[in-house]
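**Student:** heads up, no residue letters with this:
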């Protein structure tokens, strides 16, 4: 189970990583394995809907059990499949890097982090850094 303390560590470490890298302002959301929101924050200066994009990255990864980098590849290879799944999920799937599964050492999915604000690659790197800071395993796909 992903604890609230772990979720806060992930969120704060991800934001710190973005600041260290001098990235654009980020929105970070952490979902547990049920898809419930455990932690969320947006840095000063984020655009209006960054949190929704971050949610779509995390929710999509969690819903399909694949990091959003893998979903991005799948969208390129099988656009009809991703489009159909996005419809089933009410349009909440954002299949670009930045949605990273949170796993324990045994490989059990504990939740997902979604980040939006900079490039997708930078968003993903901050998510992975946050997860590592909590002593957990990142799976970006």
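**Tutor:** Perfect, thanks for sending it. Remember, it's a predicted structure, so these values are computed and weren't measured experimentally. Numbers count the residues shown, from 1 in each chain.
**Student:** residue 97 is in what secondary structure piece?
**Tutor:** Taking DSSP states H and E as the definition, one finds residue 97 inside no helix or strand.
**Student:** residue 121 versus that one, what's the distance?
**Tutor:** Residue 97 sits 6 Å away from residue 121, going by CB to CB, to the nearest Å. Backbone N, C-alpha and C define where each C-beta goes, glycine included.
**Student:** so the two - more neighbours on which side?
**Tutor:** Neighbour comparison, residue 97 and residue 121: the larger count goes to residue 97, with 26 against 13 (by other CB atoms under 10 Å).
**Student:** most remote residue from the chain's center?
**Tutor:** For the chain, the largest distance from the centre (CA atoms, centre = their mean) belongs to residue 80, which lies 22.8 Å off.
**Student:** now the biggest helix by length in the chain: mean pLDDT?
**Tutor:** As assigned by DSSP state H, the longest helix anywhere in the chain is helix 4-20. Helix 4-20 shows a mean pLDDT of 98 in the predicted model.
**Student:** now the angle between helix 4-20 and the following helix or strand past that helix, please.
**Tutor:** Per DSSP H and E, the first helix or strand lying C-terminal to helix 4-20 is strand 27-32. Strand 27-32 and helix 4-20 are oriented at 160 degrees to each other (axes from the mean of the first three to the mean of the last three CA atoms, to 10 degrees).
**Student:** grab the nearest non-local neighbour of residue 98.
**Tutor:** Computed as CB to CB, 6 or more residues apart in numbering, the closest residue to residue 98 that is not its neighbour in sequence is residue 123, at 3.4 Å.
**Student:** residue 56 now?
**Tutor:** Excluding the flanking residues, the one nearest residue 56 by CB to CB, 6+ apart is residue 94, at 3.2 Å.
**Student:** now swap in residue 68 and tell me
**Tutor:** In this structure, residue 68 finds its nearest non-sequential neighbour in residue 99, 3.2 Å apart by CB to CB, 6+ apart.
**Student:** from residue 69, how far off is that neighbour?
**Tutor:** Where residue 69 is concerned, residue 99 sits at a distance of 8 Å (CB to CB).
**Student:** so between those two, which is more surrounded?
**Tutor:** Using other CB under 10 Å as the criterion, residue 99 and residue 69 rank with residue 99 on top: 40 against 22.
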